[in-house]
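>>> return atomic coordinates for the entry below.
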Amino acid sequence: MQGIARGWEADVHRGPDWLIVKLRCPQWSFPETESLADRIWALLQRHFVYRLVLELDELELLTTPLLGQLVVLDRRIRERSGLLRLCGLSPQNREVLRVHGLLGRLPAYGCPRDAVMGMTSRKPR
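Residues are numbered from 1 along each chain as shown. Purely as a prediction, here's the structure:
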C-alpha cells in the first residue's frame, strides 16, 4: 500500500502489459482529487505501460471531481494508444457513470481479470 495523492492510497500490481491499481480513500480523509490523474499517469510512465485497470470496489462514491480526473487520465492514456478499464464498481457508482454518459468511455468490469481480458459476464437467457 502506498500513498498516491493526499488522501488516496493504492495497491499497485504489474501484470503482463497492464498496471492494476486498487484505489482506496479512507473515509476520514478529505482526498485531493486535483492531482490524482497526474499521480497515476506518473505510475504508468514509471512502469512503461499504458494499459490500466483501476479497482474501485472500496470507493464509496464516484464524485464529479473524481470523474473529471478519470476522463483526463483516459484522454492521456488513449493518446498513447493505451486502455483504461474500471472494475469493482458498486451498482450506485455504475449508475453515476451511466448518468454522466461515461459507461461507454470508461468500461466497467466485475473484477481485474475480466477487465484485463475485456470480458463481460453474460447471464443465461
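>>> what about the helices in the protein?
36-47, 64-79, 91-99, 112-117 (DSSP state H).
>>> can you check the pLDDT for the closest residue to Arg24 other than its chain neighbours?
Distances taken as CB to CB, 6 or more residues apart in numbering put Glu9 closest to Arg24, at 4.4 Å, once the chain neighbours are dropped. (Each C-beta comes from the backbone N, C-alpha and C, glycine too.) Note on Glu9: pLDDT of 82.
>>> can you report how many residues neighbour Glu9?
As a burial measure, Glu9 scores 17 neighbours (other CB atoms under 10 Å).
>>> ok so, going back, nearest to Asp17, of the helices of the chain?
helix 112-117 (8.6 Å; CB to CB).
>>> buried sites along that closest one?
112, 114-116 (16 or more other CB atoms under 10 Å).
>>> tabulate the helices of the chain (a markdown table), appending mean pLDDT and distance to Glu55.
Shown next, in a markdown table, are the helices of the chain (pLDDT from 0 to 100; distance: least, CB to CB, whole Å):
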| stretch | mean pLDDT | distance to Glu55 |
| --- | --- | --- |
| helix 36-47 | 92 | 12 |
| helix 64-79 | 94 | 13 |
| helix 91-99 | 95 | 12 |
| helix 112-117 | 94 | 6 |
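>>> just want the most central residue of this protein.
Nearest to the mean C-alpha position of the chain, by CA atoms, centre = their mean, lies Leu54 at 2.9 Å.
>>> mind listing the residues bridging to that one?
Leu54 has the following beta-bridge partners by DSSP bridges: Val21, Leu86.
>>> all further residue positions should be reported with the first residue as 58.
Right, with 58 as the first residue, what we last looked at is Leu111.
>>> contact partners for it?
78-80, 97, 127, 141-144 (CB atoms under 8 Å, 6 or more residues apart in numbering).
>>> out of those residues, which is most surrounded?
That'd be Ile97 among the contacts of Leu111, by other CB under 10 Å, with 27 neighbours.
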